[in-house]
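A.B. asks: Predicted model and sequence follow; I will ask about them next.
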Amino acid sequence: MRRGIWPEFDPGPVKKPELVDFALQPVMEALDSVERDGELPADVLADLGSGGRFGPIHRGVRRWAVHATRNYLAAYPPGGTDSDGISWAPVIPGWMYRRRFIPPDRRGIGNYRIRVWGRCYRSLDGRVHEIRVPTYSSAGRERTKAEEAVAAFIVASAGADVETVRVREFYCLEGKAGHLLYEGSPAEVVDFHREVGAPALASVVNSTEYRPGDPCVKCRYRVGCRGLPAAPGLLGIEDRRRPRRTWSVSNGRYYRACPAKDHLRRSRLPTAWKLERSAAAERGRSIHDHLHVRHRHWPGVPCAPDEEPMWTSEPDGAELDAALLMLRQHAEVCPLRGLPTGAEIRYEPSLAFDDTNADVVVKVEPDLLYTDRGSWVWREVKTTRAASSRGFDSLESLPQIALAVLVLGRQLLGGDRRQSRVELEVLRPNGVDLRQFDPFSRELQQEARDVIRRLVTDWHRDEEFAPRPGPECARCEVRRWCPDALPEESA
Ligand code: SF4
Ligand SMILES: [Zn+2]
């Protein structure tokens, strides 16, 4: 957390401006140009589509941004009235809540500022304040009550005449306003905020927890941070001239399929649901979720073959039977079996490492970490309907395992090295295999380094992420946004 301390910071070599990585940013800027500057929507959309303005934007993201901006302007034409007959004036930049404490409060902070992200409007008579939060699509996560309360509180604090405060979402993909998340008078807002908003804010401000990941890319406090261990050379690349970014094995996989696909997925553009959620992928996800929930629920009790599954989402049809059989097999190799008392367990922890040689934040989420006599053991689980686990024989097909070998082999998690190992659990309907990898084996280390370097090298030098149309287009979840996608019938 920032407490007015600004460390001396060496940003390294000057780099080319990076492609815009937050795909709602150009949408917001284009809407500002129309609503604040009075530009014609057709001109703004043309500039957005051609890349003439709004920053270096990938062609696929531009396509998305034009779609989203056009949808918003169709739903809320500038200067028009909405379906309730209210005419609105935009408030740009949006509202911000400030509070000063003299002397500083018990945390030692004298100045709080909370900005609400979204499009802010005041009715022309000033009696209604509304915030519309653009989201990618209606399939996104639900807002929490705390988020609604804080947003409503900031919106209510922005004027003495306000009588009604509204919070709603706008679904950019579908081009429609979400239902009202909140509507109330300023007095009601204050109660709502006191009840749920303020405690949530206090817990954020008081928290000393580290949540490494995407924010580490731009964080000025990263040097020496406990949440982001330095791991120079983890990816095997010596080049700090590229934009600082995050990388995970999933990025590597998507990039290998098509550079544009990686960029468009990383930009969180809406994906084709049917392709994203194939029955087999869902089965794997359901099993992972079950194991995660079950292990957390009874960490002291190993899984038994006849247990009721704790599905977060139950697999469909034929995949359900296969999944139930796989769970029976899991019981035999459950990592909780034989775990000594006092062993530490970390369930799907989000880990990040700063490869300072490549200037990349490497993100990884092991399925489970546990300690064996003071050494870290890294467990990954794979599921397959195949009769054997031969498909997972080479490290080339197991980049997560390769990365795990490198992380444990460098002792980036600390602990004793003697029992440290990587485990691969392959669940099949008719059996299970548990393989172990010694992260200190020189041969394995070399193989792992080669696998990761091959996966990351081209990605690291790439600053354009051009589409590579080919057979992959047929199963590409982001083809809708891709300017070069092969027609479905020829892909
Ligand atoms: S549609 Fe084809 S070219 Fe476009 S991003 Fe997807 S795989 Fe790449
Ligand atoms: Zn288990």
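C.D. replies: Arrived safely. All of these numbers come straight from a predicted model, not from anything done at the bench. Ligands and ions are numbered 1, 2, ... in the order given.

A.B. asks: switch to C-alpha atoms for all contacts and neighbour counts from now on
C.D. replies: Fine.

A.B. asks: where's Phe465, which helix or strand?
C.D. replies: Here Phe465 sits in a region with no helix or strand, counting by DSSP states H and E.

A.B. asks: so it makes contact with Ala260?
C.D. replies: Yes: taking CA atoms under 8 Å as the definition, Phe465 is a contact partner of Ala260 at 4.8 Å.

A.B. asks: For these two, indicate the residue with more neighbours.
C.D. replies: More crowded of Phe465 and Ala260, by other CA atoms under 10 Å: Ala260, with 27 against 20.

A.B. asks: Now do whatever helix or strand Thr371 lives in, average pLDDT.
C.D. replies: Using DSSP H and E, Thr371 sits in strand 368-372. The average pLDDT for strand 368-372 rounds to 96.

A.B. asks: got it, and stretch 21-28?
C.D. replies: Stretch 21-28 carries an average pLDDT of 94.

A.B. asks: Please, where are all the helices along this structure?
C.D. replies: 25-35, 41-50, 59-75, 145-156, 186-192, 198-206, 249-257, 259-266, 273-276, 279-297, 317-333, 399-409, 442-461 (DSSP state H).

A.B. asks: Quick one, which of the ones you listed gets closest to ligand 1.
C.D. replies: helix 259-266 (3.9 Å; CA to the nearest ligand atom).

A.B. asks: Please compute how far that closest one lies from its chain's middle.
C.D. replies: Centre-to-centre, helix 259-266 and its host chain are 14 Å apart (CA atoms, centre = their mean, to the nearest Å).

A.B. asks: buried sites along it?
C.D. replies: Buried positions in helix 259-266, judged by neighbour count with 16 or more other CA atoms under 10 Å: Pro259, Ala260, Lys261, Asp262, His263, Leu264, Arg266.

A.B. asks: Do I have it right that the first one meets Glu463?
C.D. replies: In other words, Pro259. No: here Pro259 does not reach Glu463: they are 9.9 Å apart, not a contact under CA under 8 Å.

A.B. asks: Need the CA coordinates for the worst-scoring helix or strand of the chain on mean pLDDT. CSV is fine.
C.D. replies: For the chain, scoring each helix and strand by mean pLDDT, DSSP states H and E identifies helix 273-276 as the least confident one, at a mean of 78. Taking C-alpha atoms only, helix 273-276 is exported to CSV below (Å, rounded to 0.1, in the frame of the first residue of the first chain):
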residue,chain,number,x,y,z
TRP,A,273,-18.7,-19.5,-25.0
LYS,A,274,-19.1,-22.8,-26.8
LEU,A,275,-15.4,-23.1,-27.7
GLU,A,276,-14.2,-21.8,-24.3
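
A.B. asks: How about the residues of the stretch 251-400 of the chain by ligand 2?
C.D. replies: Cys303, Cys334 (CA under 5 Å from the ion).

A.B. asks: tell me which parts of the stretch 251-400 of the chain are close to ligand 1?
C.D. replies: Counting by CA under 6 Å from any ligand atom, the positions of the stretch 251-400 of the chain adjacent to ligand 1 are Cys258, Ala260, Lys261.

A.B. asks: Make CSV from those residues and add distance to Asp438 and pLDDT to it.
C.D. replies: Output for those, formatted as CSV (distance: CA to CA, whole Å; pLDDT from 0 to 100):
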residue, distance to Asp438, pLDDT
Cys258, 32, 97
Ala260, 36, 97
Lys261, 34, 97
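
A.B. asks: Present these as TSV; the columns should include distance to Gly52.
C.D. replies: As requested, those are exported to TSV (distance: CA to CA, whole Å):
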residue	distance to Gly52
Cys258	25
Ala260	20
Lys261	23
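
A.B. asks: Relative to Phe153, which of those is nearest.
C.D. replies: Lowest distance from Phe153 to these (CA to CA) belongs to Lys261, with 39.1 Å.

A.B. asks: sorry, back to before: looking at the buried residues of helix 259-266, point me to the pair that's furthest apart.
C.D. replies: Greatest spacing in these, by CA to CA: Pro259 and Arg266 (10.8 Å).

A.B. asks: And the residue positioned nearest the centre of the chain, how far from ligand 2?
C.D. replies: For the chain, the residue nearest the mean C-alpha position is Asp214 (7.6 Å; CA atoms, centre = their mean). From Asp214 across to ligand 2, the span is 30 Å (CA to the ion, to the nearest Å).

A.B. asks: next one: Ser248
C.D. replies: Distance from Ser248 to ligand 2, counting by CA to the ion: 26 Å.

A.B. asks: List the contacts of that residue.
C.D. replies: Each residue near Ser248 by CA atoms under 8 Å, 6 or more residues apart in numbering is listed here: Val362, Lys363, Val364.

A.B. asks: Now flag whichever of these is closest to ligand 2.
C.D. replies: Of all the contacts of Ser248, ligand 2 sits closest to Val364, with 21.2 Å by CA to the ion.

A.B. asks: what's the closest non-adjacent residue to that closest one?
C.D. replies: Once flanking residues are discounted, Val364 sits nearest to Leu351: 5.3 Å by CA to CA, 6 or more residues apart in numbering.
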